[in-house]
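Q: Predicted model follows, preceded by the sequence.
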Amino acid sequence: MPKTSTNYFSLFSGIKSPTALTKLAGLFLICCCSVFTVQAQEYNIILGRPTDTSITASIMFYQNVQFFLDYGTVSGTYPHTTPVYTNVANRPDEIDLNGLIPATQYFYRLHYKLLSASSYTISPEYNFHTQRATGSTFTFTIEADEHLYDKKGILNMYNVTLANEAKDKPDFMMTLGDIFGDDHNPLTITSGALDTLHRNYRPLLGKICHSIPFYVCLGNHEGEKDYYMHLTPPNNLAIMTTNWRKYYYPNPYPNGFYTGDTTYEPYGVGYPENYYAWTWGDALFVVLDVYRDDCDTNAKPHNWDWTLGYPEYAWLKNTLEGSTAKYKFVFAHHVRGEDRGGVTNAKLYEWGGYEGSSGSTWGFTANRPGWAKPIHQLFKDNGVNIFFQGHDHLFAHEVLDSVVYQEVPMAADSTYQIGMLANAAAYVSDTIDGTGHIRVTVSPSCVKVDYIKAYLPADTVSGLHHNGEIGFSYTLGTCAASALEEMDLIDKVKVYPNPANDRLYVQLAGNSKYLNAILFNTMGQKLLETDAHELEVGGLPGGIYFLRVQTDKGFSTQKIEITH
């Protein structure tokens, strides 16, 4: 594949965590961008495709070198050695370590030297874990919507989130998409520009993914859509970006451990590595691609035009029905691709089966003849515990028919407000602003989900925020009774009635040393600010509002609806 020497991100350098919410009213009018150079290390390693007996290490150097790996199951002892490989600068090599012991932690080092050198440089010790046995306890992390290719994502902010994920020591991490940003110029973008967009993430992820295997779940801005797939192949966005993604990032393909898309595509794509499933410990993981077969007539299909396509739907149905895992997690960039919200969308069209302006007319049978049932019904009938999605750039926690719909916040928003201001009205409960990642701990008796918030150092000097603080936490399983004990970070906030016709009342329970409550509208305009524990509000026009309560223990944001 052709290469370019350019190595930069176009990143937003505007608002940096304003203290007054009124400054955010003009957030989306600001277009102040600058170019950041990603400093190249000598090498980076991205681990991927961990199984019970193998793992893939994608290794890229910035000079021509010779290298090998040594590894073992005891820290500081490396009895196993790979062959010596000769690397070409800026070209990743995928090295498969096979014959590993299941349910075991491994330690490894990288040895490398210039072709003219006589001795090798040795890297620090890195590590990884093979598939966990049933009954094990483990952690994984999820991030979403990095957006470093546009004004929404800030490089320094993303580095804080990555460092926080490393502290969790997860068995693996996942992005829910919009990491590469390939579709902003979908009909004119070149292969060289796509190369740059994909390659620029390697030194960032390489800071932690040498010891944390990385999975890609495709977003709408990855550009791997059915619509683009058919435009002048192979010189179109979808085919070129698929090849560059696969070139730099080793995603799973069907191999006996992983199941997934068995379509072998032309133009050098092969297995697209776009949807896949595997079991780890007591949990089934199912990653969907909601774009590759969505609709070949529109780049942004809606309603019944959007579809997984029958092959992926049948695979999803068989995967869920055939699994005996205690916990089941499903991941996608978003319910039905590109709309907003969680459970409200989950009731509609292919996902929920209903249609019409009120969403009360059953349309699934007529629009999906021969399909067994809507996707949400598959989740409900087969015990899916949590559906994780991104796209909306905030934290939101909702429940429908005992299935949790979990929106994952942005990983690099230094304003901490983009998604909250733009999309919170599409959710029905538990919406929280901020930036960070989701940490999930799976044990035999319980699943614990934590929202780990990330803050730039400058935004912690007041002491009101701490990088790594937990913004929200909940549990599933037999330990759920302890959730209230663990969720003591914020004072309880009572808003009633909600929705309100005219006047509403707010009670801020507790005895916090510091309390600040701000009421603002969907444009980010501050309407009221108080430190009182009780207040009465009236005279608001009909619409959606948000009450943000900050205490010395944390913060809470609640959506308020005024109807007249």
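A: Happy to help now that I have it.
Q: count of neighbours near residue 152?
A: 23 (other C-beta atoms under 10 Å). All C-beta atoms are positioned from the backbone trio N, CA, C, and that covers glycine.
Q: Do I have it right that it meets residue 411?
A: No. Between residue 152 and residue 411 there is no contact, the gap being 10.5 Å when judged by C-beta atoms under 8 Å.
Q: Can you check which residues contact both of those two?
A: Taking C-beta atoms under 8 Å, 6 or more residues apart in numbering as the contact definition, residue 152 and residue 411 share the neighbouring residues residue 145.
Q: a helix runs through residue 203, doesn't it?
A: Yes. Assigned with DSSP: H, G, I helix; E, B strand; the rest coil, residue 203 falls within a helix.
Q: Distance-wise, check it relative to residue 148.
A: Taken as C-beta to C-beta, to the nearest Å, the spacing of residue 203 relative to residue 148 amounts to 12 Å.
Q: out of these two, which sits in the busier spot?
A: residue 148 (26 against 17).
Q: The more buried one: what's it in contact with?
A: Neighbouring residues of residue 148 by C-beta under 8 Å, 6+ apart: 9, 11, 154, 155, 158, 179, 181, 200, 201, 204, 412.
Q: burial count for the last one?
A: In this case it means residue 412. Other residues within reach of residue 412 by the criterion other C-beta under 10 Å amount to 26.
Q: Phi and psi next, for it.
A: Dihedral angles of residue 412 (phi, psi; degrees, to the nearest 10) stand at phi -150, psi 30.
Q: How confident was the prediction at it?
A: pLDDT, the model's per-residue confidence, is 97 for residue 412.
Q: before we move on, back to that, columns distance to residue 343 and secondary structure on top of the contacts of residue 148, output as a markdown table?
A: Listed next are those as a markdown table, based on distance: C-beta to C-beta, whole Å; DSSP: H, G, I helix; E, B strand; the rest coil:
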| residue | distance to residue 343 | secondary structure |
| --- | --- | --- |
| 9 | 35 | strand |
| 11 | 33 | strand |
| 154 | 30 | coil |
| 155 | 34 | helix |
| 158 | 29 | helix |
| 179 | 26 | coil |
| 181 | 28 | coil |
| 200 | 35 | coil |
| 201 | 32 | coil |
| 204 | 33 | helix |
| 412 | 27 | coil |
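Q: Compare the residues you listed and tell me which is most surrounded.
A: Scoring the contacts of residue 148 on neighbours with other C-beta under 10 Å, the highest-scoring entry is residue 179 at 30 neighbours.
Q: Name the nearest residue to that one, sequence neighbours excluded.
A: In space, residue 179 comes closest to residue 146 once its chain neighbours are excluded; the distance is 4.8 Å by C-beta to C-beta, 6 or more residues apart in numbering.
Q: Next: residue 267.
A: Excluding the flanking residues, the one nearest residue 267 by C-beta to C-beta, 6+ apart is residue 234, at 3.6 Å.
Q: Go ahead and confirm the one you found touches residue 241.
A: No. Judged on C-beta under 8 Å, residue 234 makes no contact with residue 241 at a distance of 11.5 Å.
Q: who has more neighbours, the two?
A: The neighbour count for residue 234 versus residue 241, taken as other C-beta under 10 Å, is higher for residue 241 (27 against 16).
Q: All set, thanks.
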